[in-house]
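In: No sequence on hand, only this structure:
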């Protein structure tokens with residue numbers, strides 16, 4: 001799934017999650033949570049670059065995106081076009097779950113409402129990836 005799609009999913013999920021939290025937190029914190037949710041939904045995908053580095057032995061994909069961030073965000077078909085490994089696709093979801101689990105676990109100890117917020121945003125991200133991967137969406 002493209003970053004722009006994860007951006008929209010993160011925005012919708014975060015906005016919906018703010019409704020029950022609006023009685024608990026003030027406006028500045030709600031705004032910060034919204035921004036956090038959107039950024040989390042997009043930037044969890046940075047793990048793809050680590051996985052591709054392991055597969056190819058090169059950081060060329062990350063360097064290419066850093067050199068052209070507008071295209072990297074808006075037109076991502078070229079980013080990993082030279083990587084053909086079905087196992088990498090499975091590792092992508094696995095790494096999201098592993099990273100998310102650790103992040104939610106740490107936040108559960110520090111700030112439980114934010115842990116739940118994080119878990120739901122990441123759930124929406126992973127579900128969207130799985131729906132796309134399986135041709136449903």
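Out: That came through, no problem. The shown structure was predicted, so the numbers you read here are calculated from the model rather than taken from an experiment.
In: where does the chain dip in pLDDT?
Out: Residue ranges of the chain with pLDDT under 70: 85-87.
In: Longest helix in the protein, by number of residues?
Out: Counting residues, the longest helix found in the chain (DSSP state H) is helix 86-110.
In: tell me what it is packed against?
Out: If contacts are counted by 3 or more Cβ pairs under 8 Å, 6 or more residues apart in numbering; DSSP states H and E, helix 86-110 sits against helix 47-56, helix 112-133. (Glycine included, C-beta is placed from N, CA and C.)
In: what's the following helix or strand after the first one?
Out: Once the chain leaves helix 47-56, the next helix or strand it forms, by DSSP states H and E, is helix 60-67.
In: any idea of the angle that next one forms with helix 47-56?
Out: Helix 60-67 runs at 140 degrees relative to helix 47-56, counting by axes from the mean of the first three to the mean of the last three Cα atoms, to 10 degrees.
In: Mind listing what's buried along helix 60-67?
Out: Within helix 60-67, the residues scored as buried using 16 or more other Cβ atoms under 10 Å are 61, 62, 65.
In: Cool, thanks, talk later.
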